[in-house]
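**Student:** Got a sequence here, can you build the structure:
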Amino acid sequence: MKVLVVLFVAFLCSLLIYKLANGSWNLLMAGNISLAVMMCFAASGHFVFTKGMEMMIPEFIPFKKTMVIGTGFLEIAAGIGLLFNQTRQYAAVFLIAFFVLILPANIYATIHHIDLQKGNFNGPGPAYLWFRIPMQLLLIGWAWYFGIKLAA
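**Tutor:** You can find the predicted model right below:
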C-alpha cells in the first residue's frame, strides 16, 4: 500500500511542479518520475528488510541475500533508466518483466504468511493477494503506458 501512496503522491507532485516550472502538463515525465521514485522507495526495502525479503524466496533457491540486495540495486537502476529518453523504453520493458517475475515470490510469501518487515511468519496471508495482484497489474500498466506508449 505504501508504494502506491508514494507512486500517486510523486505523480501529482511531479505533474504540478512541471506545470509551475514550464507552464504545461507533462504526463510522460510525471509518470516516469513517479515510477522512478516508487522504485527507489521499494528498493529501500531490500536493504532495510533483507531478512523478510530473503524469506520470500523458496528454500531451494541459493544466494538469497545476494539476490535480495542485487534486485534492490536493479530496481534503483531501472527507476533511474526511466528518467532518460535513451533508456526509458528499455527500463520499462525490464520493469514489466520484473513485475511479472516477482509475482511468484509474492504469492509464496502470502501462502506462508511472511511478514516482510518483521521477518516472521505472522503476515496477512492469502487475503493480501486480493491487493497485491491488482497492484502488480497496475504497475505493469503504468510502466507500459508511461515508459513505452507515451515515450514512442
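
**Student:** and the closest residue in space to residue 133 that isn't next to it in sequence, how many neighbours?
**Tutor:** Leaving aside its sequence neighbours, residue 133 sits nearest to residue 103 (CB to CB, 6 or more residues apart in numbering; 7.3 Å). The C-beta positions use only the backbone N, C-alpha and C, and glycine is treated the same way. Neighbours of residue 103 under the rule other CB atoms under 10 Å: 16.

**Student:** Residue 103 is in contact with residue 137, isn't it?
**Tutor:** No - using CB atoms under 8 Å, residue 103 is not in contact with residue 137; the gap is 9.6 Å.

**Student:** which residue ranges form the helices in this structure?
**Tutor:** 2-22, 27-48, 50-55, 64-81, 88-111, 129-144 (DSSP state H).

**Student:** how far does stretch 74-85 sit from the chain's center?
**Tutor:** 11 Å (CA atoms, centre = their mean, to the nearest Å).

**Student:** Please spell out which residues along it are buried.
**Tutor:** For stretch 74-85, the neighbour count (16 or more other CB atoms under 10 Å) marks 74-76, 78-79, 81-82 as buried.

**Student:** What's the separation between the most centrally placed residue in the chain and residue 92?
**Tutor:** Most central in the chain under CA atoms, centre = their mean is residue 39, positioned 4.5 Å from the mean C-alpha point. Residue 39 sits at a distance of 11 Å from residue 92 (criterion: CB to CB, to the nearest Å).

**Student:** Ok, residue 69 next?
**Tutor:** 23 Å.

**Student:** Check which residues of stretch 121-132 are buried.
**Tutor:** Within stretch 121-132, judged by 16+ other CB under 10 Å, the buried ones are 123, 128-129, 132.

**Student:** So the residue nearest to the centre of the chain sits against residue 83, correct?
**Tutor:** No - in this structure, residue 39 is not within contact of residue 83 by CB under 8 Å, at 10.7 Å.

**Student:** pLDDT below threshold where in this protein?
**Tutor:** Along the chain, no part satisfies pLDDT under 70.

**Student:** ok, 90 please
**Tutor:** For the chain, applying pLDDT under 90 flags the ranges 1, 58-59, 116, 123-130, 151-152.

**Student:** ok, now which residue in it is the farthest from the centroid?
**Tutor:** Outermost in the chain, CA atoms, centre = their mean: residue 23 at 29.8 Å.
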